[in-house]
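**Student:** just a sequence and a predicted model for now, questions to come.
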Amino acid sequence: MAANFNCNMTQTTITTHPHWYSSKTGIYSSVHSPLNLPTDPFVDIVSFIFSHPHDGVLALIDSSSGFSISYSKLLPLVKSMASGLHKMGVLQGDVVLLLLPNSIYYPVILLAVLYLGAVVTPLNPLSSVGEIRKQVNECGVNFAFTVPENVKKLELLLGIKPIISVPENDKDLRNECFSCFFNLIYGKFDLSQRVVIRQEDTAGILYSSGTTGLSKGVILTHRNLIAMVEHFVRFEASQYEYSCTKNVFLAALPMFHIYGLSLFAAGLLSLGSTVVVMRKFDIDEAVRVIDKYNVTHFPVVPPMVSALTAKAKGVNGSKLKSLRQVSCGAAPLSTGVINGFLHAFPNVDFIQGYGMTESTAVGTRGFNTEKFHNYSSIGLLAPNMEAKVVDWNGAFLPPGGSGELWLRGPSIMKGYLNNEEATMSTIDKDGWLHTGDIVHFDQDGYLHVSDRLKDIIKYKGFQIAPADLEAVLILHPEIVDAAVTAAKDEETGEIPVAFVVKKVGSILSPKHVIDYVAEQVAPYKKVRKVFFTDKIPRSQTGKILRKELRHRLTSKL
C-alpha cells in the first residue's frame, strides 16, 4: 500500500539536529569521512581497479570445478581479451551485450570490453527473444557474448554478429564451439595503443524499472563505476581490522544485476578478496561451497536469507563456521525473517544495505559494533552521498520524519537512455535522484525503509516493471485491458498479479493467461495469479490506479 506522507513530524522527530543533518538545507550527510575521487578526467574504471596494490592471491574460483584465476593472471587475461576483441572490430563506443549467467569469465569479459572504451549492457540469460530484441534495438548492440543455448535466440536478431559462446568452466574451454572464446582469452596481447577514455564516457547500460513505467536503460559512466569502486576500496576495507585479502565472498547473486556486478565483477577485485562464483543459487550447494572454500562473506537477497535460516536447522553444527558476515539488499526484509536469521546465526554479523541501478548500487550500508546493533535499518549513508527526505508538499523533513528519499552523489547515473522525459522526472536540476522509496532517518543516522511510491515489483530481489507485463497482456487477442500489481508473498517477497478484462464471450482462463505471458518473458517475470474484472481502475488521464488494485487484492488473497 502506498504511503501517506504526513506534513507534520512524527513523534520520533528530534528537536536538536545532529551534525550530519542541516535544518537550513534539509540535507543529510554521511557520518563517514568523504572519499577522494580521482580528479584527472582521463581515468577509466579498469585502470582504476588495477591501480590499487594488494597481496591477494586468488581472484576468482569456480564453485563446482575449483578452477581459479589468480590475481597475477587477471589483468593479462583482460588485456588479451581486449586485444582480441579489438581485432574482431570492437571499437570505442560500441555496445556489447552480455547475455550470460555467472561464471569466472564474466568479470574478465566485462573488464575487457570496458578496457577498449566500449560499452557493456548485461541481460538475464533466461530472457525471451522479445526482451532481448528490445534491449538490442534500444542500445544499438552489435556484438554479443552468450552461452550455447542462447545462440539461436541471438541469431534471430539481425545485426548481432559475431556471437561468442562462453563455456561454463575450464573443462569445456577446448571444445570446438568455444574456440573463438579460447583464442580471445588466451591469445597474445598486442594492443599497441589504447584509446583515450574519459571519466564521463559511458561504460554501461543496465536496465531498471525506475520509479514507474516500462524498464529503461540506465546510463552509467566510468566516473559512476569509479565512485562505486572507491566506495569498496576505501570504505569497505575500513570496516575490517585485518587485510581484505583474507575475505572470501560467495557470488551467488547474478552479475547481470547491478548488485552482483558492482561487487563481484569490479569492487571486490580492487581489494584483493577472493570471489567464489556459483552459476546459480542452490541452498544445498551454497552450504557445501561455504564449507569447502571457507567463505567469510555472503551477499544475499531476502529469499536467500530465509533459505539459509531454514537450512541451518538441518546442518551439522560444524558447518558454516567460516561465515563472518551476511549482507542483504535489493528488497525489504521483515522483522520475523531477521530475528530468525539472528537466532540461527548468532555469531554472524548481519547487515542490510540500499542502492539502485540508478545510483550504481551505492546508497547505504549497515554497520554494527560490539556494543551497538541496528539490524532492521538499511544502514548509514555511504561516504560522498547526500540525502533528503521530502514530503508531499516538497518540505524537507528532519530525522524521524517519513517521506520520499532523494539521493545525490558521484555514483548517480548520467540518465536514462533515449528518454529525456523520464530522466528529468527522476533527476532534478540540482542533481537529486528521486528514488520513490519512503524512508526516515533515526536519531543515530540510520536509514529505515517503510514503503515505496514505485510501481515496480520485487520478486526474489529482481525488479519487474508492471508496464512490461501489461504490454505483453494487451497484445493477446482476447484481452481488452489489463493491469499488473504486486501481492505480498512470504517466500519471494512479492509476486506479479494480473487483473484482466477479457472480450465478451471469451472462455479465457487464468491458466491460459499465465501460460501466455510465461512464453514471452523471463521465468522470474511470470504472472503468478490472474483475476478477471469488468474494468481496470484508471484516473482521468488514463493512469492505472494501482493503489485501488492493491485494495482489491486484500479481499481476494
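**Tutor:** Alright, I've got the coordinates. Numbers count the residues shown, from 1 in each chain.

**Student:** only C-alpha atoms for contact and neighbour calcs from this point on.
**Tutor:** OK.

**Student:** sec struct for residue 371, please.
**Tutor:** Residue 371 falls in the coil class when you classify it by DSSP: H, G, I helix; E, B strand; the rest coil.

**Student:** what is the neighbour count of it?
**Tutor:** 5 (other CA atoms under 10 Å).

**Student:** pull the longest helix from this structure.
**Tutor:** Scanning the chain for the longest helix, with DSSP state H as the assignment, gives helix 71-87.

**Student:** now for it, which elements pack on it?
**Tutor:** Judged by 3 or more CA pairs under 8 Å, 6 or more residues apart in numbering; DSSP states H and E, helix 71-87 is in contact with strand 58-62, helix 106-115, helix 179-185.

**Student:** rounded mean pLDDT for it, please.
**Tutor:** Average pLDDT, helix 71-87: 95.

**Student:** check which residues of it are buried.
**Tutor:** In terms of neighbour count (16 or more other CA atoms under 10 Å), helix 71-87 has its buried residues at 71, 74-86.

**Student:** likewise for stretch 414-433?
**Tutor:** 414-417, 422-423, 426-427, 431-433.

**Student:** possible to save these as JSON lines with pLDDT, distance to residue 255 and secondary structure?
**Tutor:** JSON lines is the format used below for those (pLDDT from 0 to 100; distance: CA to CA, whole Å; DSSP: H, G, I helix; E, B strand; the rest coil):
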{"residue": "414", "pLDDT": "97", "distance to residue 255": "21", "secondary structure": "coil"}
{"residue": "415", "pLDDT": "97", "distance to residue 255": "21", "secondary structure": "strand"}
{"residue": "416", "pLDDT": "97", "distance to residue 255": "21", "secondary structure": "strand"}
{"residue": "417", "pLDDT": "97", "distance to residue 255": "21", "secondary structure": "coil"}
{"residue": "422", "pLDDT": "93", "distance to residue 255": "26", "secondary structure": "helix"}
{"residue": "423", "pLDDT": "95", "distance to residue 255": "25", "secondary structure": "helix"}
{"residue": "426", "pLDDT": "95", "distance to residue 255": "25", "secondary structure": "helix"}
{"residue": "427", "pLDDT": "97", "distance to residue 255": "26", "secondary structure": "strand"}
{"residue": "431", "pLDDT": "97", "distance to residue 255": "28", "secondary structure": "coil"}
{"residue": "432", "pLDDT": "98", "distance to residue 255": "27", "secondary structure": "coil"}
{"residue": "433", "pLDDT": "97", "distance to residue 255": "24", "secondary structure": "strand"}
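
**Student:** and residue 241, how many neighbours?
**Tutor:** 7.

**Student:** same check on residue 169?
**Tutor:** 18.

**Student:** which is the next helix or strand following the helix or strand of the chain with the lowest mean pLDDT?
**Tutor:** The least trusted helix or strand in the chain, going by mean pLDDT, DSSP states H and E, turns out to be helix 237-238, with a mean of 73. Next helix or strand after helix 237-238 toward the C-terminus (DSSP states H and E): strand 248-251.

**Student:** outside of stretch 184-203 itself, list whatever touches it.
**Tutor:** With contact meaning CA atoms under 8 Å, 6 or more residues apart in numbering, stretch 184-203 is reached by 41-45, 76-86, 92-93, 114, 116-120, 219-223.

**Student:** give me the below-cutoff pLDDT ranges for this protein.
**Tutor:** 1-17, 158, 211-212, 233, 316-318, 539-542, 557 (pLDDT under 70).

**Student:** okay, now residue 409: neighbour count?
**Tutor:** By the measure other CA under 10 Å, the count of residues near residue 409 is 20.

**Student:** the one 3 residues further on too?
**Tutor:** A total of 29 residues lie near residue 412 under the criterion other CA under 10 Å.

**Student:** secondary structure element for it?
**Tutor:** Applying DSSP H and E, one finds residue 412 in no helix or strand.

**Student:** so it is in contact with residue 224, correct?
**Tutor:** Yes: counting by CA atoms under 8 Å, residue 412 does reach residue 224; the two are 6.6 Å apart.

**Student:** which stretches of the stretch 201-350 of the chain form helices?
**Tutor:** Counting by DSSP state H, counting those that start in this stretch, one finds helices in the stretch 201-350 of the chain at the ranges 222-230, 237-238, 258-264, 283-292, 302-312, 335-344.

**Student:** and the longest helix of the chain, C-alpha only, in CSV?
**Tutor:** What follows is helix 71-87 as a C-alpha-only set of coordinates in CSV (Å, rounded to 0.1, in the frame of the first residue of the first chain):
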residue,chain,number,x,y,z
TYR,A,71,45.3,-12.0,-9.4
SER,A,72,48.6,-12.3,-11.3
LYS,A,73,46.8,-13.6,-14.3
LEU,A,74,43.6,-11.5,-14.1
LEU,A,75,44.9,-8.3,-15.8
PRO,A,76,46.8,-10.2,-18.5
LEU,A,77,43.6,-12.1,-19.4
VAL,A,78,41.6,-8.9,-19.5
LYS,A,79,44.2,-7.3,-21.8
SER,A,80,44.4,-10.4,-24.0
MET,A,81,40.6,-10.5,-24.5
ALA,A,82,40.6,-6.7,-25.1
SER,A,83,43.2,-7.1,-27.8
GLY,A,84,41.3,-10.0,-29.5
LEU,A,85,38.0,-8.1,-29.4
HIS,A,86,39.7,-5.1,-31.0
LYS,A,87,41.0,-7.3,-33.8
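
**Student:** just checking, next helix/strand downstream of that helix?
**Tutor:** Counting by DSSP H and E, what follows helix 71-87 is strand 95-99.

**Student:** contacts for that following strand next, please.
**Tutor:** With contacts defined as CA under 8 Å, 6+ apart, strand 95-99 is touched by 110, 113, 118-125, 136, 139-147, 256.

**Student:** what's the PyMOL line that selects buried ones from those residues?
**Tutor:** The buried subset of these, as determined by 16+ other CA under 10 Å, is captured in PyMOL by this line:
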select buried, resi 110+113+118+119+120+121+122+123+124+125+136+139+141+142+143+144+145+146+147+256
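
**Student:** among the contacts of strand 95-99, which are located in strands?
**Tutor:** 119-123, 141-146 (DSSP state E).

**Student:** that older thread, so for residue 378, which of the helices and strands packed on helix 71-87 sits nearest?
**Tutor:** Of all those, helix 106-115 sits nearest to residue 378, with 27.4 Å by CA to CA.

**Student:** what does that closest one contact?
**Tutor:** So helix 106-115 is contacted by 44-47, 74, 77-79, 81-82, 85, 96, 98, 100, 119-120, 203, 255, 264-266 (CA under 8 Å, 6+ apart).

**Student:** chain center to that helix, what's the gap?
**Tutor:** 18 Å (CA atoms, centre = their mean, to the nearest Å).

**Student:** run the angle between it and strand 119-123 for me.
**Tutor:** Relative orientation of helix 106-115 and strand 119-123, computed by axes from the mean of the first three to the mean of the last three CA atoms, to 10 degrees: 150 degrees.

**Student:** could you check the angle helix 106-115 makes with helix 71-87?
**Tutor:** 50 degrees.

**Student:** got the CA positions of helix 106-115 in PDB?
**Tutor:** C-alpha atoms of helix 106-115 as PDB (Å, rounded to 0.1, in the frame of the first residue of the first chain):
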ATOM      1  CA  TYR A 106      32.200 -12.800 -16.500                       C
ATOM      2  CA  PRO A 107      34.400 -10.200 -14.900                       C
ATOM      3  CA  VAL A 108      37.200 -10.800 -17.500                       C
ATOM      4  CA  ILE A 109      34.800 -10.200 -20.400                       C
ATOM      5  CA  LEU A 110      33.200  -7.100 -18.700                       C
ATOM      6  CA  LEU A 111      36.600  -5.500 -17.900                       C
ATOM      7  CA  ALA A 112      38.000  -6.300 -21.400                       C
ATOM      8  CA  VAL A 113      35.100  -4.500 -23.100                       C
ATOM      9  CA  LEU A 114      35.500  -1.500 -20.800                       C
ATOM     10  CA  TYR A 115      39.300  -1.500 -21.400                       C
END
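
**Student:** alright, that wraps it up for me.
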